[in-house]
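Asker: Need coordinates for the following:
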Amino acid sequence: MENWQRGGFGLYVHWPFCAAKCPYCDFNSHVVSEVDHACWRDALLRDLSAWIERTPGRILGSIFFGGGTPSLMAPETVSAVVMAARKGWLPANDLEVTLEANPTSVEAGRFAEFVDAGVNRFSVGLQALNDGDLRRLGRLHTSAEGRRAFDIAQTLTERVSFDLIYARQDQAVVEWERELSLALSFAGEHLSLYQLTIEDGTAFGARRAQGRLHGLPDEDRAVDLWTVTQDLTSAAGLRRYETSNHARPGREARHNLVYWRGGDWVGIGPGAHGRLTLPDCRFATEALRMPQAWLDASTSPLATTRQQRLSPTDRAEEYLLMSLRMAEGTDLSHFTALDGYLNERHLSELMADGFLSVEGNFLRTTESGALLLDTILSRLVSD
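Answerer: Numbers count the residues shown, from 1 in each chain. As a prediction, the model looks like this:
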């Protein structure tokens, strides 16, 4: 069985433009004064067509429009990409089409147009439920606009998720408990809860380097915030199925499961990543990051994207890295089939310490192990 048959096959579309750059964001996003939407639509369709020719006969399970701010796309562009993907591959009967959306009033008013274009799932970037922290995070919407956008999305489709960032500056555990309880009072089938991380190359990263980023949680408070998060979401029936993602049973984000289960996906648009298993090997793909460079290269099929052949070790370690993020864990039979290697001594020690467990054929982190995932992974594959 090929990777795309076992782990699924999806399409990721990256829209690189934003109205403003958030200070915590290290994604490939750019602020520009105007966009030639017809030009970008044609470029995305050319890129998509070239990948369809290389991957005929596949069953397409999901499409994900990410960014950047995909809700700034022209709905006509979304429609054209969805139609081309459905025509070029074999769409699953329950094809999931997700669009990330920022909850400003202008974008929320376009949600119905995106549904008409083929979107059946929204991921709304609320990020916080109080205006002070929204301003601190560089967001352009208010908490009231966020709730209104979420409510609009829910009137159009059952499949709506939202994002929140926690472990923010000066955020007390009791404050996060109140905020998350409010969020869970209106949450639907899915939500993503991310601890704030400070990345180099971001505005927050520069402020931290200058000693001007105050109030970040220490390790003990970060653990307390994580524990409150797990307790409240579990009690609300939104179990953690991946490190930062919670869903009601059967309502997980199918596109992201492709990543975590080691499936295949095509990535188009500036900076988009992909993984493709072709007859001779498995490739990692990465598109040119700068929008104009990508657009200039798009006149030649596949010239937008670098391809790297993955070794058996690369494939196995990447699968371990992604699958251990999930509550379901790593399928050891698949890991072994990829010629994967685990340090048995370290595995035994981690299990004895209560950080890992093996149930049937699956290796999983425990609740305490999920907090130490990076350390666990490094020990499992070390000599």
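Asker: Pretty sure Ser382 sits against Leu342.
Answerer: No - judged on C-beta atoms under 8 Å, Ser382 makes no contact with Leu342 at a distance of 10.1 Å. Yep, even glycine has a C-beta here, placed from its N, CA and C like the rest.
Asker: okay, the two: which has more neighbours?
Answerer: Shown here are Ser382 and Leu342; by other C-beta atoms under 10 Å, Leu342 has more neighbours (17 against 8).
Asker: got the contact list for the residue lying closest to that one once chain neighbours are set aside?
Answerer: Nearest residue to Leu342, sequence neighbours excluded (C-beta to C-beta, 6 or more residues apart in numbering): Leu380, at 5.3 Å. Applying C-beta atoms under 8 Å, 6 or more residues apart in numbering to Leu380 gives the contacts Leu320, Leu342, Asn343, His346, Leu347, Leu350.
Asker: got those residues as TSV, with secondary structure and pLDDT columns?
Answerer: Below are the contacts of Leu380 laid out as TSV (DSSP: H, G, I helix; E, B strand; the rest coil; pLDDT from 0 to 100):
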residue	secondary structure	pLDDT
Leu320	helix	95
Leu342	coil	90
Asn343	coil	88
His346	helix	91
Leu347	helix	92
Leu350	helix	94
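Asker: Roughly how far does the residue lying closest to Ser357 once chain neighbours are set aside sit from Gly329?
Answerer: Spatial nearest neighbour of Ser357, chain neighbours left out: Arg364 (5.4 Å); criterion: C-beta to C-beta, 6+ apart. Arg364 sits 3 Å away from Gly329, going by C-beta to C-beta, to the nearest Å.
Asker: same question, Ala303
Answerer: Distance from Ala303 to Gly329, by C-beta to C-beta: 39 Å.
Asker: These two: which is more packed in?
Answerer: Gly329 (19 against 14).
Asker: thought the more buried one was touching Leu363?
Answerer: Yes - with contact defined as C-beta under 8 Å, Gly329 counts as touching Leu363 (5.3 Å).
Asker: Can you pull the phi and psi angles for Val81?
Answerer: phi -70, psi -50 (degrees, to the nearest 10).
Asker: Helix or strand: which one has the residue nearest in space to the middle of the chain?
Answerer: Nearest to the mean C-alpha position of the chain, by C-alpha atoms, centre = their mean, lies Asn256 at 6.2 Å. Asn256 belongs to helix 254-260 when elements are defined using DSSP states H and E.
Asker: what's the average pLDDT for the next helix or strand after that helix?
Answerer: On the C-terminal side of helix 254-260, the closest following helix or strand by DSSP H and E is strand 264-268. On average, the pLDDT along strand 264-268 is 97.
Asker: Does anything pack onto the next helix or strand after strand 264-268? Which helices or strands?
Answerer: Counting by DSSP H and E, the next helix or strand C-terminal to strand 264-268 is strand 273-277. For strand 273-277, the packing partners by 3 or more C-beta pairs under 8 Å, 6 or more residues apart in numbering; DSSP states H and E come out as helix 3-7, strand 264-268, strand 282-287.
Asker: Of these, flag the one that's most buried.
Answerer: Highest mean neighbour count among the helices and strands packed on strand 273-277 (mean count of other C-beta atoms under 10 Å): strand 264-268, with a mean of 25.
Asker: quick one: that one to chain centroid distance?
Answerer: Its chain's average C-alpha position is 13 Å from that of strand 264-268, according to C-alpha atoms, centre = their mean, to the nearest Å.
Asker: same deal with stretch 275-294?
Answerer: With C-alpha atoms, centre = their mean, you get 18 Å for stretch 275-294.
Asker: again with stretch 347-360
Answerer: With C-alpha atoms, centre = their mean, you get 28 Å for stretch 347-360.
Asker: What separates the first and last residues of that stretch, distance-wise?
Answerer: For stretch 347-360, the first-to-last residue distance is 16 Å (C-alpha to C-alpha, to the nearest Å).
Asker: residues of that stretch that come out buried?
Answerer: Leu347, Leu350, Phe355, Leu356 (16 or more other C-beta atoms under 10 Å).
Asker: Endpoint to endpoint, stretch 255-272 covers what distance?
Answerer: First residue to last in stretch 255-272 (C-alpha to C-alpha) measures 15 Å.
Asker: Residue numbering should commence at 41 henceforth.
Answerer: Done: numbering now begins at 41, and the last item shifts to stretch 295-312.
Asker: any idea how far stretch 253-273 is from the chain center?
Answerer: 21 Å.
Asker: same check, this time on stretch 199-211
Answerer: Worked out by C-alpha atoms, centre = their mean, stretch 199-211 lies 14 Å from the chain centre.
Asker: Could I get the average pLDDT for that stretch?
Answerer: 96.
Asker: where does the stretch 241-390 of the chain dip in pLDDT?
Answerer: Counting by pLDDT under 70, the stretch 241-390 of the chain shows no low-confidence range.
Asker: what helices or strands is whichever strand or helix holds the residue nearest to Ser397 leaning on?
Answerer: Applying DSSP H and E as the criterion places Arg404 in strand 402-405. Contacts defined by 3+ C-beta pairs under 8 Å, 6+ apart place strand 402-405 against strand 370-371, helix 372-377, strand 396-399.
Asker: check contacts around the residue nearest to Leu378 when sequence neighbours are not counted.
Answerer: For Leu378, ignoring the flanking residues on the chain, the nearest one in space by C-beta to C-beta, 6+ apart is Ala356 at 4.1 Å. Taking C-beta under 8 Å, 6+ apart, we find Ala356 in contact with Phe375, Leu378, Asp379, Gly380, Tyr381.
Asker: now those residues: which count as buried?
Answerer: Counted by 16+ other C-beta under 10 Å, the contacts of Ala356 give Phe375, Leu378, Gly380, Tyr381 as buried.
Asker: For the contacts of Leu420, give me TSV that also has distance to Ala276.
Answerer: Shown next, in TSV, are these (distance: C-beta to C-beta, whole Å):
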residue	distance to Ala276
Leu360	30
Leu382	35
Asn383	38
His386	36
Leu387	34
Leu390	30
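Asker: ok so, going back, can you give me how far the helix holding Asn296 is from the chain middle?
Answerer: On the basis of C-alpha atoms, centre = their mean, helix 294-300 is displaced by 9 Å from the centre of the chain it belongs to.
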